[in-house]
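>>> Sequence first, predicted coordinates after that:
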Amino acid sequence: MATQALISVEEYLRTTSDPDCEYVRGVLEERAVPDRDHAAWQVALIDWFRCHRHEWDIHVYSELRMRVSADEYRIPDVTVISRCSPYEQLITHPPLAVFEILSLTDTMSGALQKFEAYEQMGIPAIWLIDPAKSAAWQYSSGHLTPSTVFELPGTTFRVTIAEIAALLD
């Protein structure tokens, strides 16, 4: 069994890797390399949110690093942030929503670990998309619930997964 060398948060934040890694309690975790379907969903989500950014008073970003706890840094596929949130290069305040899009090498156990950390950070809307099935789930209280509608708590935002899927190239 191979052991992984532990590194400090400071070293992680100074290190560049390709693809970018996440940091979990001293260990660098490689992120899955996105495939074409993953990338298409990521672009569709960003396009949709950008079209409505002024209406919903939001910012939307892809692969934005955030500190979910003192010893855990994650990089969601898509992050939606309120324009009222403090401006940060490294996100430390809970965004409105995060989306993770499954890639071919992602595991459900890995996704659930991320979602638990996102929930502990206080993120109100946590979504998982499976591009192969055009299916989505919302994560809450340790459970994934199938859903066909994305909603952001505290906003008038509501969109069906079919509307996002219609933007796929």
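Thanks, I have it.
>>> Where does the prediction get shaky in this protein?
Counting by pLDDT under 70, the low-confidence segments of the chain come to 1-5, 18-19, 169.
>>> Do a quick rundown of the strands in it.
Secondary structure of the chain, counting by DSSP state E: strands at 21-24, 27-30, 58-62, 66-69, 72-74, 78-82, 97-101, 125-130, 135-140, 143-147, 149-151, 158-160.
>>> start to end distance for stretch 144-163?
Using Cα to Cα, to the nearest Å, the gap from the first to the last residue of stretch 144-163 comes to 21 Å.
>>> Show me what counts as buried in it.
Under the neighbour-count criterion of 16 or more other Cβ atoms under 10 Å, stretch 144-163 has 144, 150, 152, 155, 157, 161 buried. Glycine gets a C-beta too; all of them are placed from N, C-alpha and C.
>>> what helices or strands is the lengthiest helix in the chain leaning on?
Among the segments of the chain that qualify as a helix by DSSP state H, the longest is helix 36-51. The elements that helix 36-51 packs onto, with contact taken as 3 or more Cβ pairs under 8 Å, 6 or more residues apart in numbering; DSSP states H and E, are strand 58-62, strand 78-82, strand 97-101, helix 161-165.
>>> Which of these sits closest to residue 44?
Judged by Cβ to Cβ, the one of the helices and strands packed on helix 36-51 that comes nearest to residue 44 is helix 161-165, at 5.2 Å.
>>> my guess is residue 159 contacts residue 45, does it?
No. Contact criterion Cβ atoms under 8 Å: residue 159 and residue 45 do not qualify, at 9.6 Å.
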